[in-house]
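1. coords please:
(one chain, ligands or ions: 2)
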Amino acid sequence: MNVGIIGATGYGGNELYRLLTKHPKVDKCILYTSSEAGKAYRESYPHLTGISDELLVSIDSASIDKDVDVLFMASPPGAAAEILPQINLEQVKVIDLSGDLRLKDSALYEKWYKRKAADQKIVDAAVYGLSELNKPSIMNASILSNPGCFPTASILGLAPAVSNDLINESSIIIDAKTGVSGAGRKAGIGVHYSEVNENLKIYKVNGHQHIPEIEQALHLMNENISAITFQTHLVPMTRGIMATIYADAKGEMSSEELLACYQAFYRDSYFVRVRPLGEFPSTKEVYGSNFCDIGLSYDERTGRVTIVSVIDNLMKGAAGQAVQNFNMMNGFEETMGLELTPLYP
Ligand SMILES: NC(=O)C1=CN([C@@H]2O[C@H](COP(=O)(O)OP(=O)(O)OC[C@H]3O[C@@H](n4cnc5c(N)ncnc54)[C@H](OP(=O)(O)O)[C@@H]3O)[C@@H](O)[C@H]2O)C=CC1
Ligand SMILES: CC(=O)N[C@@H](CCC(=O)OP(=O)(O)O)C(=O)O
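-> Numbers count the residues shown, from 1 in each chain. Ligands and ions are numbered 1, 2, ... in the order given. Alright, predicted model coming up:
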């Protein structure tokens, strides 16, 4: 199978390259660029010396239609909206890692992303690819919208409690932290080493573009959910997301019952590891892997639950989940090419 990567020179694209060039079902990776055609990919990433001999090629819909079976788009918001109408979507399957196809309501996209939404027909056709929650639709998808990094950690952390009606819908608070690679390779001011090192910073307060995506997914599980509180913080580390989630329990509960609910919900999900009571995951424990690890506690004193969900933003939060979805869309083992032990320490 031949795959194409748009945005291969970015962090998400480079992580796709790492996974897809070792994937047993991938014969060829074609690396597309909007700005550096003809350049050796290795020049962008010297760690690929002796590994990569590919040249970057310009984005050309005729060559994509002819040469590519599955197109991964690791490009900024707006690119999928512009490029996809030129592709023969009957022939080429697409996995978009940007936010362009995630929100079904285009007015919401335009409000939160502050740009024009993609063609509604393409948005409607796109399947939201939270792998563990949407398996049957993903298996039949030909256009897949890969979830955002924060939504992946947050929704996986909340899904069992929300779908089993264990928490008060209006009490949900998601306090999230991310490593700097989440901002992409071309990010400049704001993620400069001297501003991030030895610093902890809240950003996009009450205005993060992932808020409507999380609300859309949770609302489908429980229609009483309409608005959540979600805040993001930048942490001086390269990879990793931790979403610490607080909510009021509905009625009687114990930590043991909460744990049993999560264990049952994720019983068949290889990539979600629910930790024993008293153990909370840290971001390093999933570094470089496709795992989402979850720790739980119910506080009898306050009547609140605390849920901690961690992922590697470039893996389960982007390229890893995209490959998991690629596997499901093509009838391969879900874990193929993703059985990576976290890099530790
Ligand atoms: N970093 C992360 O943790 C996550 C990122 N995402 C999403 O994935 C996408 C990629 O993110 P990331 O890799 O971090 O970003 P980067 O900034 O690292 O890379 C984006 C790449 O997109 C290419 N690009 C720029 N403009 C265009 C265009 N108009 N058309 C096509 N390609 C273009 C560039 O390559 P070139 O100039 O060679 O074309 C660039 O290298 C984004 O939409 C991001 O929001 C989602 C989840 C997590
Ligand atoms: C550290 C940092 O800046 N992270 C980015 C991650 C968002 C992202 O990846 O964008 P989409 O999922 O919307 O495409 C942010 O918080 O906006």
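2. what residues does this structure have near ligand 1?
-> Taking C-beta under 6 Å from any ligand atom as the contact definition, the chain meets ligand 1 at 6-7, 9-13, 33-36, 74-77, 79, 97-98, 148-149, 181-182, 184-186, 313-314, 317-318. For every residue, glycine as well, the C-beta is placed using N, CA and C.
3. can we see that at 5 Å?
-> Where the chain comes near ligand 1, counting by C-beta under 5 Å from any ligand atom, the residues are 7, 9-12, 33-36, 74-76, 79, 97-98, 149, 182, 184-186, 313, 317-318.
4. among those, name the ones in strands.
-> Among the residues of the chain next to ligand 1, the members falling in strands are T33 (criterion: DSSP state E).
5. near ligand 2, list only the ones from the residues of the chain next to ligand 1.
-> Subset of the residues of the chain next to ligand 1 in contact with ligand 2: S98, G182, counting by C-beta under 5 Å from any ligand atom.
6. out of the residues of the chain next to ligand 1, name the ones that lie in helices.
-> Y11, G12, A79, C149 (DSSP state H).
7. neighbours of the third one, how many?
-> Spelled out, it's A79. The criterion is other C-beta atoms under 10 Å. On that basis, A79 has 18 neighbouring residues.
8. quick one, what contacts it?
-> Going by C-beta atoms under 8 Å, 6 or more residues apart in numbering, A79 touches I6, G7, S34, M73, S98, D100.
9. of these, which is the nearest to ligand 2?
-> Of all the contacts of A79, the one sitting nearest ligand 2 is S98; the distance, using C-beta to the nearest ligand atom, is 4.6 Å.
10. surely T306 forms part of a strand?
-> Yes: T306 forms part of a strand when assessed by DSSP: H, G, I helix; E, B strand; the rest coil.
11. I figured it hits D248, correct?
-> No: using C-beta atoms under 8 Å as the test, T306 is too far from D248 to be in contact (11.5 Å).
12. the helices in this structure, which residues?
-> Taking DSSP H as the criterion, the chain carries its helices at 11-20, 41-44, 61-67, 79-83, 106-113, 120-125, 135-139, 149-163, 193-196, 211-221, 255-265, 320-329.
13. adding mean pLDDT, write those helices out as TSV.
-> Compiled in TSV, the helices of the chain are given as follows (pLDDT from 0 to 100):
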stretch	mean pLDDT
helix 11-20	98
helix 41-44	98
helix 61-67	95
helix 79-83	97
helix 106-113	97
helix 120-125	98
helix 135-139	98
helix 149-163	98
helix 193-196	94
helix 211-221	98
helix 255-265	98
helix 320-329	98
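14. near ligand 2, which residues of the stretch 51-200 of the chain show up?
-> S98, G99, G148, T178, G182, A183.
15. beta partners of the residue nearest to the fourth one when sequence neighbours are not counted?
-> It stands for T178. Distance criterion C-beta to C-beta, 6 or more residues apart in numbering; nearest residue to T178, sequence neighbours excluded, is I241 at 5.0 Å. Going by DSSP bridges, I241 is paired in beta bridges with T178, I311.
16. give the contact list for the residue in the stretch 151-300 of the chain positioned nearest to ligand 1.
-> For the stretch 151-300 of the chain, the residue positioned closest to ligand 1 under C-beta to the nearest ligand atom is G184, at a distance of 2.9 Å. With contact set as C-beta under 8 Å, 6+ apart, G184 has these partners: G10, Y11, G12, P76.
17. that older thread, and D299, which of the helices of the chain is closest to it?
-> For D299, the closest of these is helix 255-265, at 8.7 Å, according to C-beta to C-beta.
18. re the thing from before, between the contacts of G184, which has the most around it?
-> Scoring those on neighbours with other C-beta under 10 Å, the highest-scoring entry is G12 at 28 neighbours.
19. that one reaches L314, doesn't it?
-> Yes: between G12 and L314 there is a contact at 6.4 Å, judged by C-beta under 8 Å.
20. name the nearest residue to the residue in the chain positioned nearest to ligand 1, sequence neighbours excluded.
-> Closest approach between the chain and ligand 1, counting by C-beta to the nearest ligand atom: G10, at 1.8 Å. The shortest distance from G10 to any residue other than its chain neighbours is 5.2 Å, reached at R185 (C-beta to C-beta, 6+ apart).
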